[in-house]
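Student: Need a 3D model of the following:
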Amino acid sequence: MGKDDVARVRGVFERRDLLSRSSWFDRGHLFLIQQRERNTLRFLEKHGLEKLEATRILDIGCGDGYWMREFVKWGANPRKVAGLDLLSSRVERAIGLSPNTMSFRVGNAEELPWDVGSFDLVIQSTVFSSILDPAVRDRIAAEMLRVLAPGGSILWYDFFVDNPRNSDVRGVRGSEVRRLFPGCSVHLARLTLAPPLARIVARKCWPLAQLLESIPWLCTHYLGVIRKPLEPPRSLAR
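Tutor: All right, here's what the predicted structure looks like:
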């Protein structure tokens, strides 16, 4: 990622942080978080990933470490949980909020500072939609696969639709997810009621928001599990 690209992505993340600091007493914000938590737990269980005690976990674009701490709440060992973010301010917040046995680093996901096969589960949450250069997306995906152990999984959560009001992000379609991770099994589910709609509706009528959440064409994100094969494809192994 060139210096201009890094600066642009930093700006995107900084603006996103300002917009996302909603109160837990805001029913719209609460609905979106609980919606994602419920779906993530269901997806982990569906794909046999619910036993987290020995799982080595990496969160790229970890922000303030919120989802890392959620994994600890769900049973992960904080000594086996690591996070990386481009913004030092985010990492400083994460360190202050998280168990001191968690590991955090500031860095660019194009060059992950871990060895081959260091993790069993790699998490990415709305990182790829913030990257507009296809070549940068390719390099980050390759790094995620490099540090992922054979048979390990990537937990994917990202927009698949473009936001006409925000030119800084671009949705990642299912076909591109499969292209980014060749040789892997990819399981995607269309989830998350469109956030602007969810915030408005949940503040006024929570049951209606739950009903609308069940309508696929009102949902804007993919939640997915991408499984790395135990052995590389024959064409790559030669």
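Student: contacts and neighbour counts: CA atoms only from here.
Tutor: OK.
Student: Enumerate the positions of the host helix or strand of residue 145 that are buried.
Tutor: Element membership for residue 145, per DSSP states H and E: helix 134-147. Under the neighbour-count criterion of 16 or more other CA atoms under 10 Å, helix 134-147 has 136-147 buried.
Student: Tell me the helices and strands packed up against it.
Tutor: helix 174-180 (3 or more CA pairs under 8 Å, 6 or more residues apart in numbering; DSSP states H and E).
Student: The helix it packs on - contacts with which helices or strands?
Tutor: In terms of contacts (3+ CA pairs under 8 Å, 6+ apart), helix 174-180 is packed against helix 134-147, strand 185-193.
Student: can we see that at 10 Å?
Tutor: Contacting helix 174-180 under the criterion 3 or more CA pairs under 10 Å, 6 or more residues apart in numbering; DSSP states H and E are the following elements: helix 134-147, strand 185-193, strand 219-227.
Student: in its sheet, what does the next helix or strand along the chain from the helix holding residue 145 sit against?
Tutor: Towards the C-terminus, the helix or strand next in line after helix 134-147, according to DSSP H and E, is strand 148-159. When pairing is defined by DSSP bridges, strand 148-159 lines up against strand 119-125 (parallel), strand 219-227 (antiparallel).
Student: From residue 31, how far off is residue 215?
Tutor: If you measure residue 215 against residue 31 using CA to CA, to the nearest Å, the figure is 16 Å.
Student: Please identify which of the two sits among more neighbours.
Tutor: In terms of neighbours (other CA atoms under 10 Å), residue 31 is the more surrounded of residue 215 and residue 31; the figures are 22 against 13.
Student: What distance do you get for the more buried one to residue 41?
Tutor: From residue 31 to residue 41 the distance is 15 Å (CA to CA).
Student: Over to residue 126?
Tutor: Using CA to CA, which is the criterion applied here, residue 126 is 18 Å from residue 41.
Student: Low-confidence regions, this structure specifically.
Tutor: Counting by pLDDT under 70, the chain contains low-confidence residues at 1-21, 232-238.
Student: Neighbour count: residue 126 and residue 41, which is higher?
Tutor: Shown here are residue 126 and residue 41; by other CA under 10 Å, residue 126 has more neighbours (19 against 14).
Student: Angles on the backbone of the more buried one, please.
Tutor: Reported as degrees, to the nearest 10, the phi and psi values for residue 126 are phi 50, psi 30.
Student: does residue 162 count as helix, strand or coil?
Tutor: Residue 162 falls in the coil class when you classify it by DSSP: H, G, I helix; E, B strand; the rest coil.
Student: residues near it, how many?
Tutor: Quick note: residue 162 (other CA under 10 Å) scores 16 neighbours.
Student: Helices along this protein, start to end?
Tutor: For the chain, the helices defined by DSSP state H cover 3-20, 27-46, 66-73, 88-97, 134-147, 174-180, 195-204, 206-213, 234-237.
Student: Which of those sits closest to residue 223?
Tutor: Checking the helices of the chain against residue 223 by CA to CA gives helix 27-46 as the closest, at 7.6 Å.
Student: how distant is the closest one from the center of its chain?
Tutor: Chain-centre distance of helix 27-46: 13 Å, with CA atoms, centre = their mean, to the nearest Å.
Student: Check which residues of it are buried.
Tutor: Buried residues in helix 27-46, counting neighbours by 16+ other CA under 10 Å, are found at 27-32, 35-36, 40, 43-44.
Student: cool, stretch 47-56 as well?
Tutor: Counting neighbours by 16+ other CA under 10 Å, the buried set in stretch 47-56 is 49-50, 52, 55-56.
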